[in-house]
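Visitor: missing the sequence, but the structure's below:
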C-alpha cells in the first residue's frame, strides 16, 4: 500500500499514517491478515523518523485496527473495535459535528449534505466490493 | 516517560570570541531517543554551541551537560558515548579509507563491521583509496561511516549534508539515520544542525531555532506545524486589519488578505468567518517556512 505525508495539512505526521491505514482498511485496499510494512522501510520510504511510524502503529494497535505478532510484524485485524456502541457513536458524532460546521460555512444545505454523505459512503462500499474478489477464499 | 538523563542539557550558555558574542544565554534540552534539529542562519552560534558540547570550546558562562556529565571534567566519559561529524572533516592524508577506519576503531569499545561494510558499499567508497584522493563529499561520507559504526548514544551532526550530492543526501537521510536509530530507538539521539531544513522535515521531532546567539523558538515539529498557519482569504469588501498581535499580514491588497498566524489559529479563523469571506483557505507552514518567518521577524538584537 502507498502512504504519503503532507506537511502542509498541519495534522501530526503519525496521525496521517494512522488515518491512511484506517482508510485502506475501510476501502478494502488492505485486507484482514495482510501485513503492514515494517517500521524501518516505511520510515525510509516516507523519509520520516522511525519513532513517528512506531507511534502510528502503537496508536493503531490501541484502536484495535492492527495487531503485532512478535517477530512477524504488524497485521490488520478483523474490523473489531474495543468500544461499546454508545462510545462509538459519540466518537463519530464529534467528527460529524466538525463537518456539519464546515458545511454551514460552505453554505451546503442539509439535504445536499446528507446526499453527499450517502454518496461518499456508497463510494467506499463500492471500493470494498471491487477490492474483495482479489482475495479469494480465506 | 523515560527516567534517563537528557542526552543534552544546556543552560544559560554564553560564549564570546574577543568582543564578538557568539552565543548569549542559550538554554535547551534534548531527551534521549529524539532527533533534534538545531536551526539558525550563518553565524547564529550553532557551531560554537556544538563545540561547547564537545569541550572543544569552554563556555564563558552557563552550564553544558551531556548524558548528565560535564564535558570539561568528564571528557572521555562523554566522548566515548557520542560521535561528531563536523561541517568540514579532515583525515590523515597518507592513510587509506581502510586504515582510517581501523585507526578510528582503535579508540572505540565497539565497532560494527556489518554496518561499516553496508555503508561503504552504499556510498561506493573504495577501502584502498587514500583519503587525500577523496572528494569533499566522500570525506563526509567516510566521517559518517566512522561516526555510526561505534553505535554511539548521541550523534552530533554539524551541517552533515553540505557537500553531498542530492542522491547521497537523500540516502543519508533515508538510511543512515534510520540504520543508526533502529539499533536502540529509545536511546539513540541525533542532534543535527542544518540549513537544509526541508530535507530533514520528516526526521526532526523537536527543534530549536537560534538567531544571533539566542533561542527564538523551541517546539515539537508536529506542534509547530499545527500552530503556524498561512491563511488566505478574499472578501466582498476590502477587509479591516486583523486585531491580533500573533498575526503577521503578509499581503493585504484590495479584497485579498494573506496572513501568517503564529498562535491560536482557531480564533483568527473565527474572526475571518465573521467577515463572510468569499474564499478562505488555511495551510500549515513547513519547518523551513517557520524558520524563515521567525528569524525574519525576530527583533534585531542590539
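Guide: Yep, that arrived. Bear in mind that the values here come from a model prediction, so they are computed numbers and not experimental data. Numbering: from 1, shown residues only, chains lettered A, B, ... in the order given.

Visitor: Pull out the buried positions in the helix or strand harbouring residue B:120.
Guide: Per DSSP states H and E, residue B:120 falls inside helix B:113-123. For helix B:113-123, the neighbour count (16 or more other C-beta atoms under 10 Å in any protein chain shown) marks B:115-116, B:119-120, B:122-123 as buried. C-beta here means a position set from N, CA and C on the backbone, and glycine is covered the same way.

Visitor: who in chain B is up against chain A?
Guide: Counting by C-beta under 8 Å from any C-beta of the partner chain, chain B comes close to chain A at B:33-35, B:170, B:173-175, B:178, B:181-182, B:185, B:201-205, B:221-222, B:225-226, B:229, B:273, B:280, B:282-284, B:286-287.

Visitor: Filter these down to the buried ones, ChimeraX style.
Guide: For the buried members of these, the matching ChimeraX selection, counting by 16+ other C-beta under 10 Å, is:
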select /B:33,34,35,173,174,175,178,181,201,202,203,204,205,221,222,225,226,229,280,282,283,284,286,287
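
Visitor: The residues of chain B next to chain A in strands, which ones?
Guide: In this view, those that belong to strands under DSSP state E are B:35, B:229, B:280, B:282-284.

Visitor: export those to a markdown table and tack on pLDDT?
Guide: A markdown table is the format used below for those (pLDDT from 0 to 100):
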| residue | pLDDT |
| --- | --- |
| B:35 | 92 |
| B:229 | 88 |
| B:280 | 86 |
| B:282 | 87 |
| B:283 | 89 |
| B:284 | 89 |
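
Visitor: What lies in contact with the helix holding residue B:120?
Guide: Residues outside helix B:113-123 that contact it (C-beta atoms under 8 Å, 6 or more residues apart in numbering or on different chains): B:97, B:101, B:127, B:138, B:141, B:144-145, B:148-149, B:151, B:168, B:171, B:175-176, B:179.

Visitor: Kindly recompute the last result at 7 Å.
Guide: Here helix B:113-123 makes contact (C-beta atoms under 7 Å, 6 or more residues apart in numbering or on different chains) with B:101, B:127, B:141, B:145, B:148-149, B:168, B:171, B:175, B:179.

Visitor: now stretch B:8-20
Guide: So stretch B:8-20 is in contact with B:22-30, B:48-49, B:52-53, B:57, B:59-66, B:191, going by C-beta under 7 Å, 6+ apart.

Visitor: In PyMOL, how would I select just the buried ones from these?
Guide: Only the buried entries of those go into this PyMOL selection, using 16+ other C-beta under 10 Å:
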select buried, chain B and resi 22+23+24+26+28+29+30+48+49+52+53+57+59+62+64+65+66+191
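
Visitor: Can you read off the pLDDT for the residue positioned nearest the centre of chain A?
Guide: By C-alpha atoms, centre = their mean, chain A has its centre lying nearest to residue A:22, at 1.6 Å. Reported pLDDT at residue A:22 in the predicted model: 87.

Visitor: Same check on residue B:286?
Guide: Note on residue B:286: pLDDT of 90.

Visitor: Same question for the one 10 residues further on.
Guide: The model reports residue B:296 with a pLDDT of 75.

Visitor: element containing it, please.
Guide: Per DSSP H and E: helix B:287-297 holds residue B:296.

Visitor: For the chain, give me the ranges with low pLDDT.
Guide: Went with chain A since none was named. Flagging of chain A using pLDDT under 70 yields the residue ranges A:1, A:79-83, A:133-138.

Visitor: nope, chain B
Guide: Applying pLDDT under 70 to chain B flags residues B:1-3, B:297-302.

Visitor: ok, so what distance separates the spatially most central residue of it from chain A?
Guide: Chain B has residue B:37 as the residue nearest its centroid, 2.4 Å off, counting by C-alpha atoms, centre = their mean. Using C-beta to the nearest C-beta, to the nearest Å, residue B:37 is found at 11 Å from chain A.

Visitor: Which positions in the longest helix anywhere in chain B come out as buried?
Guide: What stands out as the longest helix in chain B, according to DSSP state H, is helix B:136-148. By 16+ other C-beta under 10 Å, the buried positions in helix B:136-148 come out as B:137-148.

Visitor: Show me how far it is from its chain's centre.
Guide: For helix B:136-148, the separation from the chain centroid amounts to 18 Å (computed by C-alpha atoms, centre = their mean, to the nearest Å).

Visitor: Can you name every helix or strand that that helix contacts?
Guide: Helix B:136-148 makes packing contacts with strand B:82-85, helix B:97-105, helix B:113-123 when contacts are defined by 3 or more C-beta pairs under 7 Å, 6 or more residues apart in numbering or on different chains; DSSP states H and E.

Visitor: And stretch B:173-187, end to end?
Guide: 19 Å (C-alpha to C-alpha, to the nearest Å).

Visitor: can you check stretch B:101-120 too?
Guide: Terminal residues of stretch B:101-120 are spaced 11 Å apart (C-alpha to C-alpha).

Visitor: and if you look at stretch A:27-46?
Guide: Across stretch A:27-46, the terminal residues are separated by 22 Å (C-alpha to C-alpha).

Visitor: Outside of that stretch itself, list whatever touches it.
Guide: Stretch A:27-46 is contacted from outside by A:1, A:3, A:5, A:21, A:24, A:49-50, A:53-54, A:57, A:66, A:73-78, A:124, A:127-128, A:131-132, A:135, B:174-175, B:178, B:182, B:202, using C-beta under 7 Å, 6+ apart.

Visitor: same thing with stretch B:279-296?
Guide: A:7-10, B:39, B:41, B:197-198, B:201, B:204, B:207, B:209, B:211, B:216-217, B:221, B:224-225, B:228-234, B:260, B:265, B:269, B:272.

Visitor: Restrict the residues you listed to the buried ones and give me that as a ChimeraX selection.
Guide: A single ChimeraX command selects the buried members of these (16+ other C-beta under 10 Å):
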select /A:7,10 /B:39,197,201,204,207,209,211,216,217,221,224,225,228,229,230,231,232,233,260,265,269,272
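
Visitor: got the domain boundaries for chain A?
Guide: Residue ranges for the domains of chain A, per automatic domain parsing: A:7-76, A:85-131.

Visitor: Minimum distance to residue B:106: which of these has it?
Guide: Distance to residue B:106, taken as C-beta to C-beta, is lowest for domain A:7-76 among those, at 30.2 Å.

Visitor: any bit of stretch A:2-22 sitting next to chain B?
Guide: Yes: using C-beta under 7 Å from any C-beta of the partner chain, stretch A:2-22 reaches chain B at A:5, A:7-10, A:12-13.

Visitor: now, which of those residues lie within helices?
Guide: Among the residues of stretch A:2-22 next to chain B, DSSP H puts residue A:13 in helices.

Visitor: out of the residues of stretch A:2-22 next to chain B, what pair is the most spread apart?
Guide: Longest span within the residues of stretch A:2-22 next to chain B, C-beta to C-beta: A:8 and A:12, 13.1 Å.

Visitor: residue boundaries of the strands in chain A?
Guide: Along chain A, counting by DSSP E, strands occupy A:66-69, A:73-76.
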